[in-house]
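Q: Structure for this input, please:
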Amino acid sequence: MALVLNGYARLEMHPRRLFEYLADLAAALPARTFNAQAVANVANALAKADIKHEQLLDRLAQLCCTMTPVDFTGQAVSSILNAYAKLECQTPQLFDHMARMIMDMPLATFQPQAIANIVNAYLKTEADGMVPQIFDRMSAAALRNPPGSYSGQAIGVILNAYVRKGKIDEPLFQYISKTVRSLPPAAFDAQNIALVTNAFAKAEIFDEALFACMAQVAMQVDVCAADSQNVAVIINAYAKADMLENEPATAALMDKLALDIPRLSPENTNAQAIGNIVNGYARYLHGLEKPRTREMAGADKAVFRSMATMALRLLTPPSSSSPLCLSLNADPLLFVALSLHPASRTGGGGRGGAGVLNPR
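A: The predicted structure follows:
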């Protein structure tokens with residue numbers, strides 16, 4: 001049963017009627033037919049198919065709570081936790097039991113992807129309260145894994161979880177920095193780059209070697225072909241870390257983004273992304289000490305004009321606290337575009353951010 005469900009899930013085939021029928025059968029099977037890996041396979045298949053079969057999930061949770069650390073591998077634990085978190089299945093007893101098992105399992109069983117799934121699951125469910133040492137345990141496991149065992153995706157998820165949890169483990173961040181710099185650029189996509197740079201910026205660990213490396217990687221990735229929010233996060237991370245003009249690699253990245261941003265897909269760009277891109281790029285321009293070349297000055301204007309055009313596509317009148325309104329002071333073109341839009345007229349307004357397009 002578990003193999004059938006897992007096989008379909010691996011092929012990204014999720015016939016709902018079949019999954020629900022097999023889930024009904026699995027819920028009725030005797031406990032002796034399930035081991036930890038079978039539980040992991042079934043839970044993972046349900047999560048991939050986005051089928052929240054509560055009877056079966058409750059049954060699987062109960063089975064897990066009767067098992068001991070020797071029954072599990074790190075991969076099985078992580079698959080189960082990831083599935084329950086993804087399905088938003090509130091099972092405090094399961095997460096508490098699994099946390100206590102993790103504390104007793106050997107560190108060597110936890111590979112990077114398993115660590116990423118575990119910390120992300122406890123972040124999403126906030127279920128680490130009973131065993132708060134779980135993040136420290138995963139840090140110890142992460143430090144044991146060789147750099148070559150990491151993927152860009154695992155690194156991004158791990159760092160994001162620790163920062164959002166408020167766990168700034170400096171030895172872990174230092175080790176991850178060395179690991180990032182040892183991996184080939186092909187290991188990272190736009191989202192991975194965004195997660196890594198954002199995590200270091202939020203942790204206020206301004207690692208120049210790390211940011212320079214990520215800039216070089218981003219130069220080889222078509223970040224603008226991805227979600228516009230990734231572009232916004234990358235720009236803001238470099239601005240926050242004050243890495244925009246001090247390192248040739250980051251300056252080259254910003255120049256590349258200036259040329260690429262106008263071709264972002266309007267359909268995949270929301271108000272938050274527009275606000276973040278305008279704010280981050282304005283901070284970049286304000287920090288420059290050297291005058292822009294004619295070509296780049298034109299590219300700078302194109303960035304703001306494209307963001308203004310995209311803003312006009314958003315028909316909902318912005319509130320005073322919306323990302324768009326918070327960006328008005330950064331760009332006069334964006335302000336004018338919004339003020340001229342019929343849906344956003346409020347009977348007043350003026351030009352803000354004078355001089356942004358012509359930085360000192």
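Q: contacts and neighbour counts: CA atoms only from here.
A: Fine.
Q: what residues are up against residue 306?
A: Taking CA atoms under 8 Å, 6 or more residues apart in numbering, we find residue 306 in contact with 261-262.
Q: how about the strand or helix carrying it: buried residues?
A: Residue 306 belongs to helix 294-313 when assigned by DSSP states H and E. Residues of helix 294-313 classed as buried: 299-312 (neighbour count, 16 or more other CA atoms under 10 Å).
Q: Also stretch 54-68?
A: 56-61, 63-64.
Q: Number of residues surrounding residue 212?
A: 22 (other CA atoms under 10 Å).
Q: ok, and the closest non-adjacent residue to residue 61?
A: residue 94 (5.7 Å; CA to CA, 6 or more residues apart in numbering).
Q: Tell me the secondary structure of that neighbour, please.
A: Assigned with DSSP: H, G, I helix; E, B strand; the rest coil, residue 94 falls in the helix class.
Q: can you pull the contacts of it?
A: Residue 94 touches 61-62, 64-65, counting by CA under 8 Å, 6+ apart.
Q: Neighbours of residue 84, how many?
A: Neighbourhood size, residue 84 [other CA under 10 Å]: 23.
Q: Go ahead and name everything in contact with the helix or strand containing residue 119.
A: Per DSSP H and E, residue 119 falls inside helix 112-125. Around helix 112-125, the neighbours that count as contacts under CA under 8 Å, 6+ apart are 74-75, 77-79, 81-82, 85-86, 88, 90, 95, 128, 135, 138, 141-142, 145, 149-151, 154-155, 157-158, 161-162, 164-165.
Q: Tell me how far the residue nearest to residue 61 lies from residue 241.
A: 39 Å (CA to CA, to the nearest Å).
Q: returning to that earlier point: from the contacts of helix 112-125, which land in helices?
A: Among these, the members found in helices (DSSP state H) are 74-75, 77-79, 81-82, 85-86, 95, 135, 138, 141-142, 154-155, 157-158, 161-162, 164-165.
Q: Residue 72: what's it in contact with?
A: By CA under 8 Å, 6+ apart, the neighbours of residue 72 are 36-37.
Q: follow-up on the earlier one: and the helix holding residue 306, what's its mean pLDDT?
A: Mean per-residue pLDDT for helix 294-313: 87.
Q: Output it as PDB, restricted to C-alpha atoms.
A: Extracted in PDB, the C-alpha atoms of helix 294-313 (Å, rounded to 0.1, in the frame of the first residue of the first chain):
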ATOM      1  CA  ARG A 294      24.800  57.300 -19.400                       C
ATOM      2  CA  GLU A 295      23.800  53.600 -20.100                       C
ATOM      3  CA  MET A 296      23.300  52.700 -16.400                       C
ATOM      4  CA  ALA A 297      21.400  56.000 -15.600                       C
ATOM      5  CA  GLY A 298      19.000  55.100 -18.400                       C
ATOM      6  CA  ALA A 299      18.700  51.600 -16.900                       C
ATOM      7  CA  ASP A 300      18.000  53.000 -13.500                       C
ATOM      8  CA  LYS A 301      15.100  55.100 -14.900                       C
ATOM      9  CA  ALA A 302      13.800  52.000 -16.700                       C
ATOM     10  CA  VAL A 303      13.700  50.100 -13.400                       C
ATOM     11  CA  PHE A 304      11.400  52.700 -11.800                       C
ATOM     12  CA  ARG A 305       9.300  53.200 -14.900                       C
ATOM     13  CA  SER A 306       8.700  49.500 -15.200                       C
ATOM     14  CA  MET A 307       7.700  49.300 -11.500                       C
ATOM     15  CA  ALA A 308       5.300  52.200 -12.000                       C
ATOM     16  CA  THR A 309       3.700  50.500 -15.000                       C
ATOM     17  CA  MET A 310       3.300  47.300 -13.000                       C
ATOM     18  CA  ALA A 311       1.800  49.300 -10.100                       C
ATOM     19  CA  LEU A 312      -0.900  50.700 -12.400                       C
ATOM     20  CA  ARG A 313      -2.000  47.100 -13.200                       C
END
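Q: how far does it sit from the chain's center?
A: A distance of 27 Å separates the centroid of the chain from that of helix 294-313, by CA atoms, centre = their mean, to the nearest Å.
Q: go on, stretch 209-228?
A: 15 Å.
Q: Check which residues of that stretch are buried.
A: Buried, per 16+ other CA under 10 Å, within stretch 209-228: 210-219, 221, 223-224, 226-228.
Q: Same question for stretch 163-173.
A: In stretch 163-173, counting by 16+ other CA under 10 Å, buried: 163, 165, 168, 172-173.
Q: Give me the contacts around it.
A: 123, 135, 139, 142-143, 159, 162, 199-200, 202-203.
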